[in-house]
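In: Pasting a predicted model and its sequence here:
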Amino acid sequence: MRASLFITCYNDTLFPETGRAVVRLLERLGVELEFDPRQTCCGQMHANTGFRIEAFCQAKRFVKLYREAETVVIPSSSCVAMIRDQYPGLFDELGDESLRREFAALLPKIYELSEFLIDRLGVEDVGAYFPHRVTYHASCHSLRGLHVGDRPMRLLSKVRGLELIPLANMDRCCGFGGTFSIKNAEVSSAMLAAKMQDVLATRAEYCTALDNSCLMHLGGAMHRQYAAMRTIHLAQILCATEGAKPEEVA
Amino acid sequence: MSTSYTGHPVLDPRFAPPFPTAALPVLRNPQLRKNVAHATDVIQTKRARLVAEKSDWQQLRTTAAAIRSHALDHLGDYLEEFETRCTAAGGKVHWASDAAEARAIIVELLRQEQASEVIKIKTMTSAEIQLNPAIEAAGIHAYETDLAELILQLGEDEPSHIVVPALHVNRSQVREIFARRMGLKDLPDDPKALTAAARNYLRQKFLTIPTAISGANFLIAETGSVAIVESEGNGRMCLTLPRTLITLAGIEKVLPRFSDLEVMLQLLARSATGERMSPYTSLWTGVTPGDGPERFHVVLLDNGRSPILARPTERQTLRCIRCAACLNTCPVYRQTGGHAYGSVYPGPIGAILTPQLMQMRRAQSLPYASSLCGACYDVCPVKIEIPKVLLELRSQVVNQERRSIAQFGDFMFIGMKAANMIFGGARRFRAAQWLGRLALRPFTRKDGWIHNLPSLGSKWTQTRDLRGLPDQSFRQWWAARGKEER
């Protein structure tokens, strides 16, 4: 199977290890990956801050780049939610008929990583080995945007050696919210503090999620507080195998 | 400081500070945040249990949304039908285009009654039009009879929640307010004693004051009836004992048919207070000789609602039935409470309703008072897509800024324009990654983390570290890997 990887702008810049993990994981599962270096951003930051014209430019760019793709995999649920929930409105308002048609054809081929593994590849056990205590934070966009349900849990439960520790108030926002964390920095920090209480109470070694944006927020607080916990994207756990080099995983 | 936590909260969007500023005093008050979190947790837990026992909850939501949408689509017709039926049943309907007109109508009605005092049922709409100060200015004293509203009135405080207005006041504060204002020096602070004190205080008012003001949960077009749900029985008193009743209602409150209540009441009580049914559901139609008020007036208030009807995305805002489930589930409200919103309508619904009622000329910080987590939509009994409306309003705020000189001094605005240019092409994006790495290097410590950033970046680093940019982006790794394979 062939798939195009849309890595997302912040994974590309800030979390290349997540991208590398996605590549190793999917190639191990027999997927032939393509990466178009012309890709940049899906437009989420602009759309969520109210810059709709700018968001439209990036949305249009995304559709033009991927209209030929067989399947698109995106290791970020908030970017997928942007495409599914906000592109239609943007294209209705600012796009033309041919763009709407191209997007309609592209939409069903777009998958978030856990959706791709379970719905497209039909695997839950990806052969991973990660002998650590892990807790899972259900990011808002994966939970209420994409409705991924228990897909990430099913994937994690098949990882050998992994002990999954339940997180209290798993569905409550960490307070990141993109530019919300800057525009309302104090409120965002208060939400983060509340989230961190629940996260640290798990005494897990790692907190994982489908979004590096939430994990950047939680990880930033963990580092500030000298917490004995780290963040790790789900792709990196699923990529880990027995004897893998640890620097490639975490 | 006994009544409010930082002087008097400002709930007038014309004068309130922006949300991030107004939130600060609350964030520095851990006891208050604890009160809010505890109270909302209690309601949410009860709500979740009762929602779970309804197997048709999602169908109820869909039906309720359809009923409310239909009513709004034909609002003019249903309001006229309501006026006709209500008038035929002996009521008198008044139309008020804005707050000033509504206040003037009500003050004039009270003058005709030669009232020197009036009793009130909790009504957010009267707070919206700032009715009490207008009544007082006319020399008439208004007594709030809802327990929470009474606490706020005596404590000279403002509501912080739509359903539980004194959510932010704790028991010992209530005791202090009652002891001081009712002259009860030795009042204990147990709930029973406090309730008894309020009851003694209010019972006299119910029995002696012949004029009442209420809001409305629903207006029924088909029958001309008005419906109110409440928990304390004070409403039932106000609706039955006085000689004259004045009801103030927003024009959006109308339901087409009496049977629509079957759907709405199932949703409202469960969503608002976590009860299967509200303890008191009162319905009345015009006047009935020998039974209840002899004179009945309804004041229908527009006050910025009609322009919302004309906008396809925002129109759903007016479906709201004021259950406040969105407040209780909101992680932002949980930290800030209600006063930070600078409006009588706080929380997610307030963040979309208030700026619209102000024609987007005020309260522009409110559409940004959300992390867009979507929890509000999930619980909304009439399926208002609050995140979608927030985004629409944000875009209107940005479009205002595009036409203003302020954009040139706003780092966020400049950054967004720059980012748009950068994302427009891969070469520009690569150059920006390289530049970013270079620019952040002086701030990156030996452990690879950034602890302090200047300007807007300090908003992040005030509570969070940031990992320094890795030396190799993903795209660089991919390109290098390709070369190795070749």
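Out: Yep, that arrived. Residues are numbered from 1 along each chain as shown, chains lettered A, B, ... in the order given.
In: neighbours around residue 202, how many?
Out: Since you didn't name a chain, this refers to chain A. Burial of residue A:202 is recorded as 20 neighbouring residues (other CB atoms under 10 Å in any protein chain shown). Bear in mind the C-beta positions are built from the backbone N, C-alpha and C, glycine included.
In: actually it's chain B I care about, not the one you picked
Out: For residue B:202, using other CB under 10 Å, the count is 20.
In: Leaving out sequence neighbours, find the closest residue to it.
Out: Distances taken as CB to CB, 6 or more residues apart in numbering or on different chains put residue B:145 closest to residue B:202, at 5.4 Å, once the chain neighbours are dropped.
In: where's the one you found relative to chain A, distance?
Out: For residue B:145, the distance to chain A (CB to the nearest CB, to the nearest Å) stands at 34 Å.
In: show me the residues around that residue that make contact.
Out: Going by CB atoms under 8 Å, 6 or more residues apart in numbering or on different chains, residue B:145 touches B:119-121, B:202, B:205-206, B:234-235, B:237-238.
In: With distance to residue B:315 as new columns, can the residues you listed be given to me in a markdown table?
Out: Converted to a markdown table, these look like this (distance: CB to CB, whole Å):
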| residue | distance to residue B:315 |
| --- | --- |
| B:119 | 35 |
| B:120 | 30 |
| B:121 | 28 |
| B:202 | 39 |
| B:205 | 40 |
| B:206 | 40 |
| B:234 | 34 |
| B:235 | 30 |
| B:237 | 36 |
| B:238 | 32 |
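In: Dihedrals phi and psi, the most far-flung residue of chain A relative to its centre?
Out: Largest separation from the mean C-alpha position in chain A: residue A:97, at 30.2 Å (CA atoms, centre = their mean). For residue A:97, the backbone dihedrals (degrees, to the nearest 10) come out as phi -60, psi -40.
In: Point to the residue nearest the middle of chain A.
Out: Most central in chain A (CA atoms, centre = their mean) works out to residue A:76, at 2.1 Å.
In: What score does that residue have for pLDDT?
Out: Residue A:76 is assigned 98 on the pLDDT scale.
In: anything in the helix or strand harbouring residue A:73 near chain B?
Out: In this structure, residue A:73 sits in strand A:72-74 according to DSSP states H and E. No: for strand A:72-74 and chain B, the contact criterion (CB under 8 Å from any CB of the partner chain) is not met; the two come no nearer than 13.0 Å.
In: show me where pLDDT drops low in chain A?
Out: A:245-250 (pLDDT under 70).
In: domain assignment for it?
Out: A:2-120, A:133-249 (automatic domain parsing).
In: if I look at the closest residue to residue B:98 other than its chain neighbours, how far off is residue B:316?
Out: Using CB to CB, 6+ apart and skipping the chain neighbours, the partner closest in space to residue B:98 is residue B:303 (5.1 Å). Taking CB to CB, to the nearest Å as the measure, residue B:303 falls 19 Å from residue B:316.
In: Between the two, which has more neighbouring residues?
Out: residue B:316 (23 against 18).
In: Setting aside sequence neighbours, what's the nearest residue to residue B:17?
Out: residue B:342 (6.8 Å).
In: my bad, residue B:464
Out: With CB to CB, 6+ apart, the residue lying closest to residue B:464 is residue A:220, at 3.3 Å.
In: How many residues are close by the one you found?
Out: 23.
In: which element is it on?
Out: With DSSP H and E as the criterion, residue A:220 is inside helix A:212-224.
In: list the buried ones in that helix?
Out: Across helix A:212-224, burial judged by 16 or more other CB atoms under 10 Å in any protein chain shown covers A:212-224.
In: if I pick residue B:224, what's in contact with it?
Out: B:82-89, B:91, B:285-286.
In: so of those, which ones are in helices?
Out: B:82-88 (DSSP state H).
In: Switch those residues over to JSON lines; also include distance to residue A:113 and neighbour count.
Out: Shown next, in JSON lines, are the ones in helices among the contacts of residue B:224 (distance: CB to CB, whole Å; neighbours: other CB atoms under 10 Å in any protein chain shown):
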{"residue": "B:82", "distance to residue A:113": "53", "neighbour count": "28"}
{"residue": "B:83", "distance to residue A:113": "57", "neighbour count": "20"}
{"residue": "B:84", "distance to residue A:113": "59", "neighbour count": "13"}
{"residue": "B:85", "distance to residue A:113": "58", "neighbour count": "20"}
{"residue": "B:86", "distance to residue A:113": "58", "neighbour count": "26"}
{"residue": "B:87", "distance to residue A:113": "63", "neighbour count": "14"}
{"residue": "B:88", "distance to residue A:113": "63", "neighbour count": "12"}
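In: Fine by me, we can end here.
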